[in-house]
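Undergrad: structure, please.
(one chain, ligands or ions: 2)
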Amino acid sequence: MAGHETHYELALPKFDAAVKLLIVVAPYYRDIADGLIAGAQAVAAQAGALADVVEVPGALELPAAISLAEQGADYDGYVALGCVIRGETTHYDTVCNDSSRGLMLLGIEGLCIGNGILTVENRAQAEVRADPAGQNKGGGAAAAALHLVALKRRWKV
Ligand SMILES: Nc1c(NC[C@H](O)[C@H](O)[C@H](O)CO)[nH]c(=O)[nH]c1=O
Ligand SMILES: CC(=O)[C@@H](O)COP(=O)(O)O
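TA: Ligands and ions are numbered 1, 2, ... in the order given. Purely as a prediction, here's the structure:
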């Protein structure tokens, strides 16, 4: 596949105490989202983490939903899942840039967030990246959140 290199993956962290994750999903493309969710849930289970799932309309709502959960609930980390496919206008750029920037700003504030928002040109690119047996981006996002949770616990912040 042009441009796709097999990359190095860190081993999942081990935890002494249970980890609670919130998987926040924008099922704008339902089948794609379902693949991302399955991948994220499998990695969470592999690490012995609990994982709740909530849904919002689109990727632009993902940062706000995570911010609300951090204020009102008690999760150790978050997995943001969604799929943005380029259309005819520049709205694609807004949705991609603002959703990822929102997650990054929350992360810099100390939230443990894995970003599993696919930003792709077409459905075929999305399908291979959402497939747990393919590029498994949902699983990768869950792993990223777990690694940040481990660091947060290590440094007691
Ligand atoms: N075009 C896509 C969107 N657009 C919707 C926005 O995310 C948002 O829900 C709306 O602007 C209301 O605030 N969302 C996706 O997740 N994927 C897309 O391809
Ligand atoms: C990523 C989007 O917002 C996109 O799906 C919207 O499509 P369009 O740019 O054709 O309105």
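Undergrad: let me see the ranges of the strands in this protein.
TA: With strands called from DSSP state E, the chain shows them at 20-26, 50-55, 77-85, 113-120.
Undergrad: now the phi/psi pair for the residue in the chain that ligand 2 sits nearest to, please.
TA: Ranked by CB to the nearest ligand atom, the top residue of the chain for proximity to ligand 2 is residue 87, at 2.2 Å. C-beta coordinates here come from the backbone N, C-alpha and C atoms, glycine included. Dihedral pair for residue 87: phi -110, psi -140, per degrees, to the nearest 10.
Undergrad: contacting residues for it?
TA: Contacts for residue 87 (CB atoms under 8 Å, 6 or more residues apart in numbering) come out as none.
Undergrad: can you pull the pLDDT of it?
TA: pLDDT recorded at residue 87 is 98.
Undergrad: check the one 3 residues further on too.
TA: Here the pLDDT value assigned to residue 90 is 98.
Undergrad: ok, now residue 6?
TA: pLDDT, read off for residue 6, is 87.
Undergrad: do the same with the one 3 residues further on
TA: What the model reports for residue 9 is a pLDDT of 94.
Undergrad: got it, and the one 3 residues further on?
TA: pLDDT, residue 12: 97.
Undergrad: these two touch, right, it and residue 146?
TA: Yes. Contact criterion CB atoms under 8 Å: residue 12 and residue 146 qualify, at 6.2 Å.
Undergrad: ok and the residue in this protein nearest ligand 1?
TA: Relative to ligand 1, the nearest point of the chain is residue 58 (2.2 Å; CB to the nearest ligand atom).
Undergrad: thought that residue was touching residue 28?
TA: Yes. Applying CB under 8 Å, one finds residue 58 in contact with residue 28, separated by 5.2 Å.
Undergrad: shared neighbours, those two?
TA: Common neighbours of residue 58 and residue 28 (CB under 8 Å, 6+ apart) are residue 82.
Undergrad: coming back round to it: between residue 12 and residue 146, who's got more neighbours?
TA: Ranked by neighbour count (other CB atoms under 10 Å), residue 12 and residue 146 place residue 146 first, with 28 against 17.
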